[in-house]
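Peer 1: my questions concern the predicted model and sequence given below.
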Amino acid sequence: MLELSTSTWAITIGLIVVLLAVDLLLAALRPHRVGFKEAAAWSVFYVLVAIGFGLWFMSQYGGDFGAQYFAGYIVEKSLSVDNLFVFVIIMTTFAVPEEHQHKVLTFGIVLALIMRALFIALGATLLSLFSFMFLIFGLLLLYTAVQLFRHRDEDPDVENNVIVKTARRVLPVSEEYVGGKLTARIDGRKVVTPLFVVLVAIGGVDLLFALDSIPAVFGVTDEAYIVFAANAFALLGLRALFFLVKGLLDRLVYLSAGLAIILAFIGVKLILHWAHVDINKSIPEVSTPVSLAVIIGILVIVVVASLLKTRNDPTVTAHAGSLHGQRRTTDE
C-alpha cells in the first residue's frame, strides 16, 4: 500500500494550483488566438511536467507505483482526447470567439478537476469499504464501452443536453457575447452571456466524462493519490492540446472504437480483480505492465489505422461518439 505524507499531498496539489493559476492569468490578462507554435510549446511543457513527476514518483516510491501512474496517465490522456472532440463541438455550436476559447477551456479544466477530485474521494472510499465495487465499476465500464462502440459514428447533442436546456430556461441569456464577461447588464437587466452557457455545457460534459474516466483509472491502480495525479496532469495539458490538434481530430476516425475497446479491457480487468479477491485466488489478474502494453498498443493501432483510412478516403470524418443514440424524428 502506498504510504504518503501530508506534505507530499500538499506539494502535489500546490504544483497543480500554481499551473492552473498561470493558465488563468494568461487567459484573463492576454485574451488572444492561440497559434500552433504556442500550443505546441505548452503541450510539450505539460507532457514534460507529467513525465518529470512520474520519474520523481517512481524514484521515491518504486517502479510498480510508477508504472501504475504512467498507465493511469496514458488512460486519462487518451480519454481526454475524446473530451476534445466534444469541446470542439461545443465551441462550434455556440460560436465561441477564438480569443475567448482559452478562458473557456481553462475554467472547464478547473471544473473538471474539482468534480474528479470529489469522484476520486468517493470512489476510493467505496473501494476500501466494499470490494464488490470493483465488480460495479467493471460492469459500468463494460456498459459504457458497448454504448460508445454502438454510437461511435455519432456526436453528442449539446443543445439538447439537459443541463444546457435547464440553464437556458431558468436564466436570462443575452443574444451576443459581451467581451469575455460571464454576466452583463443590458437595458438595465442583469443577464448571463452565452459564454456562461458554454461553461455550463463544458461542466456538464466534464461531469459525464468523470463518471467513466474515474472507474477507468481505478482499473489500473487503486491508490487515490495516483488516480488524482494522473487525472490532474492529463487535464492540465488539455487546454493546449485542444489548440494543437483540433485541426487533426477529424482524422482520428477510429478513436471512439479504440477507446471503447480500452474501456472494455479495463472493465474486464476490474471484474477479474473482484473475482480474484472475493471468489477464488486462483482466478488470474491482469498485471500493470500488461495493462500498459495493451493500452499503448491499442492507441498506436487506432492512430495508424485512422491516418491510413483518411489518407485513402479523405471524405471520412471522425466523430466523438455518444453514449446515447441521437433521437430521430420523422415527418408525419
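Peer 2: Noted; the coordinates are in hand. Worth saying up front: this structure is predicted, and the values here are computed from it rather than measured.

Peer 1: just for the stretch 101-250 of the chain, where's the confidence low?
Peer 2: The stretch 101-250 of the chain contains residues with pLDDT under 70 at 159-161, 246-247.

Peer 1: quick one, strands of it?
Peer 2: Assigned by DSSP state E, counting those that start in this stretch, the strands in the stretch 101-250 of the chain fall at 183-186, 189-192.

Peer 1: how about those strands in TSV, adding distance to residue 51?
Peer 2: (Glycine included, C-beta is placed from N, CA and C.) Formatted as TSV, the strands of the stretch 101-250 of the chain follow (distance: least, Cβ to Cβ, whole Å):
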stretch	distance to residue 51
strand 183-186	40
strand 189-192	40
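
Peer 1: identify the residues contacting the most centrally placed residue in the chain.
Peer 2: Closest residue to the average C-alpha location of the chain: residue 80 at 3.4 Å, with Cα atoms, centre = their mean. Residues in contact with residue 80 (Cβ atoms under 8 Å, 6 or more residues apart in numbering) are 234, 235, 238, 241.

Peer 1: narrow those residues to those in helices?
Peer 2: Counting by DSSP state H, the contacts of residue 80 place 234, 235, 238, 241 in helices.

Peer 1: out of these, grab the one that's most surrounded.
Peer 2: Neighbour counts for the ones in helices among the contacts of residue 80 (other Cβ atoms under 10 Å) peak at residue 234, which has 26 neighbours.

Peer 1: name the nearest residue to that one, sequence neighbours excluded.
Peer 2: Distance criterion Cβ to Cβ, 6 or more residues apart in numbering; nearest residue to residue 234, sequence neighbours excluded, is residue 76 at 3.6 Å.

Peer 1: tell me which residues of the one helix or strand that neighbour maps to come out buried.
Peer 2: Assigned by DSSP states H and E, residue 76 belongs to helix 63-93. For helix 63-93, burial by neighbour count (16 or more other Cβ atoms under 10 Å) applies to 65-91.

Peer 1: got it, and stretch 122-132?
Peer 2: Under the neighbour-count criterion of 16+ other Cβ under 10 Å, stretch 122-132 has 123, 124, 126, 127 buried.

Peer 1: mind putting these in TSV, distance to residue 104 included?
Peer 2: Formatted as TSV, the buried residues of stretch 122-132 follow (distance: Cβ to Cβ, whole Å):
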residue	distance to residue 104
123	28
124	30
126	32
127	34
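
Peer 1: of the residues you listed, closest to residue 277?
Peer 2: Within those, proximity to residue 277 (Cβ to Cβ) peaks at residue 127, which comes in at 10.8 Å.

Peer 1: surely that closest one meets residue 134?
Peer 2: Yes. Using Cβ atoms under 8 Å, residue 127 makes contact with residue 134 at a distance of 6.8 Å.

Peer 1: just to revisit the earlier point, distance from the chain centre to the helix holding residue 76, please.
Peer 2: 5 Å (Cα atoms, centre = their mean, to the nearest Å).

Peer 1: check stretch 286-294 too.
Peer 2: Relative to its chain's centre, stretch 286-294 lies at 21 Å (Cα atoms, centre = their mean).

Peer 1: return that stretch as PDB; C-alpha atoms alone will do.
Peer 2: What follows is stretch 286-294, C-alpha atoms only, in PDB (Å, rounded to 0.1, in the frame of the first residue of the first chain):
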ATOM      1  CA  VAL A 286      -4.100  -8.600 -15.300                       C
ATOM      2  CA  SER A 287      -0.800  -7.000 -14.200                       C
ATOM      3  CA  THR A 288       0.000  -3.300 -14.600                       C
ATOM      4  CA  PRO A 289       2.800  -3.900 -17.200                       C
ATOM      5  CA  VAL A 290       0.300  -6.000 -19.300                       C
ATOM      6  CA  SER A 291      -2.300  -3.200 -19.000                       C
ATOM      7  CA  LEU A 292       0.200  -0.600 -20.000                       C
ATOM      8  CA  ALA A 293       1.300  -2.600 -23.100                       C
ATOM      9  CA  VAL A 294      -2.300  -3.300 -24.200                       C
END
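
Peer 1: so what touches it?
Peer 2: 64, 67-68, 70-71, 74, 219-221, 265-266, 268-269, 272-273.

Peer 1: what pLDDT, on average, does it get?
Peer 2: Stretch 286-294 shows a mean pLDDT of 86.

Peer 1: quick check: buried residues in it?
Peer 2: Within stretch 286-294, the residues that qualify as buried by neighbour count (16+ other Cβ under 10 Å) are 286, 288, 291, 292, 294.

Peer 1: and those, which of them are in helices?
Peer 2: Of the buried residues of stretch 286-294, the ones assigned to helices by DSSP H are 288, 291, 292, 294.

Peer 1: on that earlier part again, how near is the residue nearest to residue 234 to residue 123?
Peer 2: Counting by Cβ to Cβ, to the nearest Å, the separation of residue 76 from residue 123 is 14 Å.

Peer 1: cool, and residue 73?
Peer 2: Residue 73 is 17 Å from residue 123, where distance means Cβ to Cβ.

Peer 1: that older thread, would you turn the ones in helices among the buried residues of stretch 286-294 into a markdown table with distance to residue 26?
Peer 2: Output for these, formatted as a markdown table (distance: Cβ to Cβ, whole Å):
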| residue | distance to residue 26 |
| --- | --- |
| 288 | 36 |
| 291 | 36 |
| 292 | 33 |
| 294 | 37 |
